[in-house]
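Undergrad: quick one, structure for this:
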Amino acid sequence: MVSIIGILLLSVLFSFSTYQNMYAFDGKSSEGSGREAVQIDRSIAAQYEGILTDEKVSEMLSDFKFTGDLHGMNAKYLYHNAMQSAVSARFADVDGNWNGLKVSDVFGEEEIRIGYNSGWLYTSRNFAKVMIVLSVVIMLMNAPVFSGEYGGMDSLILTSRYGRTKCAAAKAAAGFLSSAALTILVTLFQLFFAVRAYGAEGLGCSILFAPLTFVEGFVPYNITCGTLLRYQIILALTSAVSVTGITLFLSALCRNQVTVVASAAACQFLPVLLPVSEKSALFRAVVLLPVYQAQCFSLLSVEQIEGDLLYAVWAVPAAVVFLVIGAVFSPRIFAGHQVS
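TA: Residues are numbered from 1 along each chain as shown. All right, here's what the predicted structure looks like:
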């Protein structure tokens, strides 16, 4: 219960801290942070929203041109507002002038819809962080499901046929349902705060036209912020299911809850330390593990497999494998421990 309260408080902290630390300057007279920064960014984005064209690029570079001395600093690293950062990162030279690239040179034939996407990209980033922490909470929740009952009253229940066939399955089902419910609760909170803070208009904007600091701008295909969040929600659920399956399996094997948590944490986070190159064929298998599903960006950055089908869809059958491990094998292992 403490862990559940903690993850909800962490969600509040991430969202509120990001909101309060936002900064924007329109290049003229309006400057602010927090709510004022969001209003400035949304106002600027409204002037250029729609399909990105060469004319809009020229207009933005002219409107946001820095007239002071850059002191040798590359103009694309200068941040005034989200729209200025996005256009400078792709279409400005070191002095802030047009670098000669057209929209088609940067994005090919993709139709890039621009607007205020910064707030939703921050929401996506925070969501990934929260999902990583949530995986630890899921481990703590499910570690005692089986291991905490060895030697307790369940030992007596397991002496009956009903205990062997029903009790263990009910425990596994409760573990999966609790993990999914908590994931949905955290997700709804994140989305509720984002809609209230940033408005819903940015959901239809492309993630590719993002300020320089966002890794979403390097995803190798064109999707909107709304589509990105839908993928993240699906991956958050597959990650929760996968972590639950692993933890329940270990809980059935081990009689000590600390051992279960430590083993589950190792299974979750050690893959991040594997020296696997993104160009390696093994990488496509590694990114389907629960930690990459929760983090999502590495998985979403893998190139599409056929047409518009994302490689990330393989996270669903991967989660089903872990679901079977937790839902089928762990109850059988647990039910096999009977009092003589």
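Undergrad: next, count neighbours for Asp95.
TA: Applying other Cβ atoms under 10 Å, we find 11 other residues in the vicinity of Asp95. The way it works is simple: take the backbone N, C-alpha and C, and place the C-beta from them, glycine included.
Undergrad: next one: Ala45
TA: Look at Ala45: counted by other Cβ under 10 Å, it has 22 neighbours.
Undergrad: so it, which of the three states?
TA: Going by DSSP: H, G, I helix; E, B strand; the rest coil, the secondary structure assigned to Ala45 is helix.
Undergrad: please name the nearest non-neighbouring residue to it.
TA: Distance criterion Cβ to Cβ, 6 or more residues apart in numbering; nearest residue to Ala45, sequence neighbours excluded, is Tyr116 at 3.7 Å.
Undergrad: may I ask which helix or strand encompasses that neighbour?
TA: Assigning secondary structure by DSSP states H and E places Tyr116 outside every helix and strand.
Undergrad: use 5 as the first number from now on
TA: Fine by me, first position is 5 from now on; the one you just mentioned is Tyr120.
Undergrad: what residues of the longest helix seen in the chain count as buried?
TA: The longest helix of the chain (DSSP state H) is helix 172-202. For helix 172-202, the neighbour count (16 or more other Cβ atoms under 10 Å) marks 172-173, 175-176, 179-180, 182-184, 186-187, 190-191, 193-194, 197-198, 201-202 as buried.
Undergrad: repeat that for stretch 143-154.
TA: Met143, Leu144, Met145, Asn146, Ala147, Val149, Phe150, Ser151, Glu153, Tyr154.
Undergrad: need the contact list for the residue most central in space within the chain.
TA: Residue closest to the mean C-alpha point of the chain, counted by Cα atoms, centre = their mean, is Ala132 at 2.9 Å. Taking Cβ atoms under 8 Å, 6 or more residues apart in numbering as the criterion, Ala132 is in contact with Gln236, Ala298, Gln299, Cys300, Phe301.
Undergrad: now the chain, which segments are flagged as low pLDDT?
TA: Low-confidence segments of the chain, defined by pLDDT under 70: 152-169, 221-222, 308-313, 341-344.
Undergrad: what are the ranges of the strands in it?
TA: Taking DSSP state E as the criterion, the chain carries its strands at 27-29, 35-37, 54-55, 117-118.
Undergrad: out of these, nearest to Tyr81?
TA: Proximity to Tyr81, assessed across those by Cβ to Cβ, is greatest for strand 27-29 (14.7 Å).
Undergrad: list of residues touching that closest one?
TA: For strand 27-29, contacts defined as Cβ under 8 Å, 6+ apart pick out 34-37, 40-42, 44-45, 48, 83-86.
Undergrad: give me the PyMOL select line for the residues you listed, limited to the buried ones.
TA: Buried subset of those, written as a PyMOL selection, criterion 16+ other Cβ under 10 Å:
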select buried, resi 36+41+42+44+45+48+83+84+85+86
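Undergrad: for the nearest residue to Ser7 once chain neighbours are set aside, give its distance to Ser246.
TA: Distances taken as Cβ to Cβ, 6+ apart place Val141 nearest to Ser7, at 4.4 Å, with adjacent residues excluded. Remark: distance between Val141 and Ser246 (Cβ to Cβ, to the nearest Å) = 14 Å.
Undergrad: repeat for Glu35
TA: 45 Å.
Undergrad: so how far is the longest helix of the chain off the chain centroid?
TA: 14 Å (Cα atoms, centre = their mean, to the nearest Å).
Undergrad: neighbours of Val134, how many?
TA: The number of residues near Val134, taken as other Cβ under 10 Å, comes to 25.
Undergrad: what's the local residue count around Leu233?
TA: Leu233 is flanked by 23 other residues according to other Cβ under 10 Å.
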